[in-house]
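Q: pasting a predicted model and its sequence here:
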Amino acid sequence: MQIIKKVLWLLLIALVIAQFFGPEKNQGDMASIDAFMVETKPPEDVKMILKEACFDCHSDVTRYPWYNNITPVNYWLADHIKHGKKHFNVSNWEGNSVKRKDHKFEELIEMVEKKEMPLNSYTWTHTEAKLTDAQIKTVVDWAKLVRLKYSLEPKPE
């Protein structure tokens, strides 16, 4: 029993010390999404959906909840953001080819239609990000228009 007590004390001390460390935050400038917004021209309702349900993980601009100050939760959130940006990052939109942009929108449509995005783990704490069927249709219709625009652009040879 004495050894278990010592181990628990060590774990508690380690947890307290860990609170003073954390991953780097994703605190970019809202201007980083301007190129994406100008190029894709989302209507106001889609802009709101993107802001509430997408940009926290898919841009350089993240609104962190209070519980991000708790280790190890902050590392879990940082990992979500890292993976989200790896798959679809609107903050580096300009650096992508038309073919890649079109592919990203193809994936966006698929993930939103299947209700795989936004992630359930995100909507548990961000209920405003849970998309209704009408919002899903709105986003998908806009994304299809963007894909149509990309399909009409000349392709480099």
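A: On my side now, so go ahead.
Q: next up, the contacts around the residue sitting nearest the centre point of the chain.
A: Nearest residue to the geometric centre of the chain (Cα atoms, centre = their mean): C57, 1.8 Å. Contacts for C57 were tallied using Cβ atoms under 8 Å, 6 or more residues apart in numbering; they are H80, I81, H83, G84, K85, P118, L119, Y122. (Glycine included, C-beta is placed from N, CA and C.)
Q: and with 6 Å instead?
A: H80, I81, G84 (Cβ atoms under 6 Å, 6 or more residues apart in numbering).
Q: can you pick the most crowded of these?
A: Among the contacts of C57, G84 has the most neighbours (other Cβ atoms under 10 Å), with 22 neighbours.
Q: that's a helix at that residue, yeah?
A: Yes. G84: assigned to a helix according to DSSP: H, G, I helix; E, B strand; the rest coil.
Q: what's the closest non-adjacent residue to it?
A: Nearest residue to G84, sequence neighbours excluded (Cβ to Cβ, 6 or more residues apart in numbering): C57, at 3.2 Å.
Q: returning to what we had before: may I ask which helix or strand encompasses the residue nearest to the centre of the chain?
A: helix 55-58 (DSSP states H and E).
Q: and that helix, average pLDDT?
A: Averaged over helix 55-58, pLDDT sits at 89.
Q: gap between it and the chain center?
A: In terms of Cα atoms, centre = their mean, to the nearest Å, the centre of helix 55-58 is found 3 Å from the chain centre.
Q: buried residues, that helix. List them.
A: For helix 55-58, the neighbour count (16 or more other Cβ atoms under 10 Å) marks F55, D56, C57, H58 as buried.
Q: with distance to K6 added, can I get these in TSV?
A: Shown next, in TSV, are these (distance: Cβ to Cβ, whole Å):
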residue	distance to K6
F55	46
D56	41
C57	40
H58	45
